[in-house]
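> what's the 3D shape of this:
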Amino acid sequence: MKRLLISIVLSATVVMAGNFTLKSNDIKGQLSRAQEFNGFGCNGENISPSLSWKDAPKGTKSFAVTVYDPDAPTGSGWWHWLVVNIPANVTSLPTGASGKMMPKGAVETVNDYGMTGYGGACPPKGDKPHRYIFTVYALDVEKLPVKPDTNAPVVGFQINAHTIGKASIVSYYRR
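Numbering: from 1, shown residues only. Alright, predicted model coming up:
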């Protein structure tokens, strides 16, 4: 019971940088089948959630968004979504934006499923609940030098080299 209570309290942790915040109408403490991957043994809807952010740091020239599972049994986690070059005047992504409604100039890069765009949660059956960290990064450049086929470590390097602030939401999923 104590573990369940701790899990509920931590389930929708919001990490902020100053007043920079990230929110979602779709993400609650537990992801849903809408955000679950469709493949790799999972049969979710693979719909990217809505995300909105506000109070970005002064000097923000663009944004990046990532979804990362540090609990994936790979030894290095799992990148579910990497989006870069979101213009500085954009402060949200609607539900289902991946592949369909991305802001002009935004680039979705390859995730650890080997595809570009959003790849939802798909932890192994029976494994502990996995953490899914949704992060928006405020960047000091308008464009990162990446292409849709650039791999996650290179994209992560570029994001981290230009981050001036970030905000995250942590949610959980278990099958």
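
> got the buried residues for the one helix or strand Phe157 maps to?
Using DSSP states H and E, Phe157 sits in helix 152-162. Across helix 152-162, burial judged by 16 or more other Cβ atoms under 10 Å covers Ala152, Val154, Val155, Gly156, Gln158, Ile159, His162. Any C-beta I mention is one placed from the backbone N, CA and C, and that applies to glycine too.

> check stretch 36-56 too.
Buried residues in stretch 36-56 (16+ other Cβ under 10 Å): Glu36, Phe37, Cys42, Gly44, Asn46, Ile47, Ser48, Pro49, Ser50, Leu51, Trp53, Ala56.

> can you map out the strands along this protein?
14-15, 21-23, 38-39, 42-43, 51-54, 62-69, 78-87, 92-93, 107-108, 130-139, 163-173 (DSSP state E).

> on that earlier part again, what's the helix holding Phe157 packed up against?
If contacts are counted by 3 or more Cβ pairs under 8 Å, 6 or more residues apart in numbering; DSSP states H and E, helix 152-162 sits against strand 62-69, strand 78-87, strand 130-139.

> quick one, what contacts the residue nearest the centre of the chain?
Nearest residue to the geometric centre of the chain (Cα atoms, centre = their mean): Val67, 2.4 Å. Listed by Cβ atoms under 8 Å, 6 or more residues apart in numbering, the contact set of Val67 reads Trp79, His80, Trp81, Tyr118, Tyr132, Ile133, Phe134, Thr135.

> thanks a lot, catch you later.
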